[in-house]
Structures are given as C-alpha cells and as structure tokens.
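Participant: Need a 3D model of the following:
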Amino acid sequence: MSRLLFVVEDSFELQSVQRLVLAPGPCGDARVKVGTAVELRRPDGSRLRTTIAGIEIVCGPNLREPRTIPLALSADLKKADVPVGTEVWLDD
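Facilitator: Numbers count the residues shown, from 1 in each chain. Sure thing, here's the model as predicted:
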C-alpha cells in the first residue's frame, strides 16, 4: 500500500553534495530513512521511482521539533525532473 508523503512546493540543487532537495518534505512524524524507495508522481502523469539519498532537518520556532523533513534525492535528478506539484509517495 502506498501513501502520499507530501507535494513538492520547491526544489533546489545542492552542488556541494550533488543532490536535489525537495521541500517542504513530510511532517516530522513520517518514517523515512536514507535508501527508502519513493515514487514521484509528476503533474504530467508520468511516474519515476527513486530512493532517498539524504534527509535535511528544519526545526520549528522552538528549535526542538522538526516541522518538515526536506528530502534529498540522488544527483542524477535535476530540478527540472521534479516540477512543483509533484507528489512524493512512499510504499509501505
């Protein structure tokens, strides 16, 4: 069974580590880790399977609880490959 993690609102490429980061990412209670398989469902209807290459932590105002967890994908994906509106799905 698949579940929707989040819808991409923005993405950016980290040149120093050669990764594409998708934001906002799932809420802090999502259970994902490096190597987790995800499916990208793009607005044009195409789908792409990939894995999580990194996890970025963005803290809330009290700097204790993460609000979202932007996900980094491998360097073979570019910003143009994951347009705004792409859905990120997790296979449970």
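
Participant: Would you confirm that residue 69 contacts residue 26?
Facilitator: Yes - the criterion here is Cβ atoms under 8 Å, and residue 69 meets it with residue 26 at 5.6 Å. In this view, the C-beta of every residue, glycine as well, is placed from N, C-alpha and C.

Participant: what sits in contact with each of these two?
Facilitator: residue 32 (Cβ atoms under 8 Å, 6 or more residues apart in numbering).

Participant: Quick one: end-to-end distance for stretch 37-49.
Facilitator: By Cα to Cα, to the nearest Å, the extent of stretch 37-49 from end to end equals 7 Å.

Participant: how about it: buried residues?
Facilitator: 38, 40-41 (16 or more other Cβ atoms under 10 Å).

Participant: What ranges does this structure have for its strands?
Facilitator: Here the chain has its strands, by DSSP state E, at 2-7, 10-14, 19-23, 37-41, 47-55, 58-59, 66-68, 71-73, 87-91.

Participant: from those, which stretch is densest packed?
Facilitator: strand 71-73 (a mean of 24; mean count of other Cβ atoms under 10 Å).

Participant: Tell me the strands beside that strand, with direction?
Facilitator: Paired strands of strand 71-73, with direction, are strand 19-23 (antiparallel), strand 47-55 (antiparallel) (DSSP bridges).
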